[in-house]
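In: Pasting the sequence and the predicted model now:
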Amino acid sequence: MHLPSRAALTAAITLILLPISSRAQTARVNAPAPDFTATDSQGQTRSLDQYHGKYVVLEWHNQGCPFTRKHYVSGNMQALQKEWTAKGVAWFTVISSAPGAQGYVTAAQENDYMAKMHAVPTAALLDPDGKLGRLYNAKTTPDMFIIDPQGKLIYAGAIDNRPTPDVEDIQGAENYVSDALSSAMAGKPVANPYTRAYGCSVKYRDE
């Protein structure tokens with residue numbers, strides 16, 4: 001019987017392990033958050049390891065999505081950004097829409113939008129190739145992630161419990177992001193570490 005060579009066996013094992021290794025790098029609640037490097041709308045390079053020792057919020061964004069507009073037209077998202085960055089949280093708006101897809105913006109367009117909307121994230125990360133979005137398996141806009149100072153992902157999901165595009169529904173909504181940050185900063189466990197995100201689908205390349 002002909003046995004495969006050591007090189008062939010090594011190649012086969014590598015092919016089997018590659019998908020497992022790839023999955024291991026995706027974001028999972030209560031596991032180390034995947035490291036990333038991205039360019040912001042001011043041309044600066046931002047990486048997760050730069051913010052070790054801080055809480056980090058990732059907010060997936062699409063200017064044209066009615067679910068995103070709900071939180072910006074009302075001023076709700078800007079209020080959250082202002083509140084939590086004042087408490088030392090690094091807050092990143094992330095745009096993963098591919099060139100030519102709905103929601104794609106240039107750096108200048110995003111800077112104009114932030115100025116118009118009085119948005120105050122730490123930075124807006126431009127992710128046109130979708131690498132950051134896929135790393136965190138971001139599915140909707142908005143889709144929210146919180147990373148603790150030790151680099152662990154402690155929350156993933158919806159911004160609140162009102163999955164509608166209606167501004168009126170913000171009033172009285174349970175804000176999962178604020179709840180998670182408040183609990184974590186007080187040394188308490190996050191009550192809802194994972195919720196189902198709602199909004200428009202992220203417009204990745206080739207989708």
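Out: Yes, it's here.

In: A186 versus D112, what's the distance?
Out: As defined by CB to CB, to the nearest Å, D112 lies at a distance of 38 Å from A186. No exception for glycine: its C-beta is placed from N, CA and C like everyone else's.

In: where along this structure do the strands fall?
Out: Using DSSP state E, the strands assigned to the chain run over residues 37-40, 45-47, 56-60, 90-95, 123-126, 140-141, 144-147, 153-157, 200-201.

In: Indicate each strand paired with the second one and its parallel or antiparallel sense.
Out: According to DSSP bridges, the neighbouring strands of strand 45-47, each with its direction, are strand 37-40 (antiparallel).

In: Quick check, P163 in contact with Y176.
Out: No - distance between P163 and Y176: 11.5 Å, which falls outside the contact criterion (CB atoms under 8 Å).

In: Neighbour count: the two, which is higher?
Out: Y176 (24 against 16; other CB atoms under 10 Å).

In: quick one: contacts for the residue nearest the centre of the chain?
Out: In the chain, the C-alpha nearest the mean C-alpha coordinate belongs to L58, at 3.7 Å (CA atoms, centre = their mean). Going by CB atoms under 8 Å, 6 or more residues apart in numbering, L58 touches 92, 94, 136, 138, 144-147.

In: make it 10 Å
Out: With contact taken as CB atoms under 10 Å, 6 or more residues apart in numbering, L58 is in contact with 27, 33, 36, 48, 90-94, 121, 125, 132-133, 136, 138, 142-147, 153, 156.

In: Likewise for T68?
Out: Counted by CB under 10 Å, 6+ apart, T68 has contacts 59-62, 77, 93, 103, 140-142, 159, 165, 199-200.

In: Switch those residues over to JSON lines; also include pLDDT and distance to H52.
Out: Below are the contacts of T68 laid out as JSON lines (pLDDT from 0 to 100; distance: CB to CB, whole Å):
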{"residue": "E59", "pLDDT": "98", "distance to H52": "20"}
{"residue": "W60", "pLDDT": "98", "distance to H52": "22"}
{"residue": "H61", "pLDDT": "98", "distance to H52": "24"}
{"residue": "N62", "pLDDT": "97", "distance to H52": "29"}
{"residue": "M77", "pLDDT": "98", "distance to H52": "25"}
{"residue": "T93", "pLDDT": "98", "distance to H52": "20"}
{"residue": "G103", "pLDDT": "95", "distance to H52": "30"}
{"residue": "T140", "pLDDT": "97", "distance to H52": "28"}
{"residue": "T141", "pLDDT": "98", "distance to H52": "27"}
{"residue": "P142", "pLDDT": "97", "distance to H52": "25"}
{"residue": "I159", "pLDDT": "97", "distance to H52": "25"}
{"residue": "P165", "pLDDT": "95", "distance to H52": "36"}
{"residue": "G199", "pLDDT": "96", "distance to H52": "29"}
{"residue": "C200", "pLDDT": "97", "distance to H52": "32"}
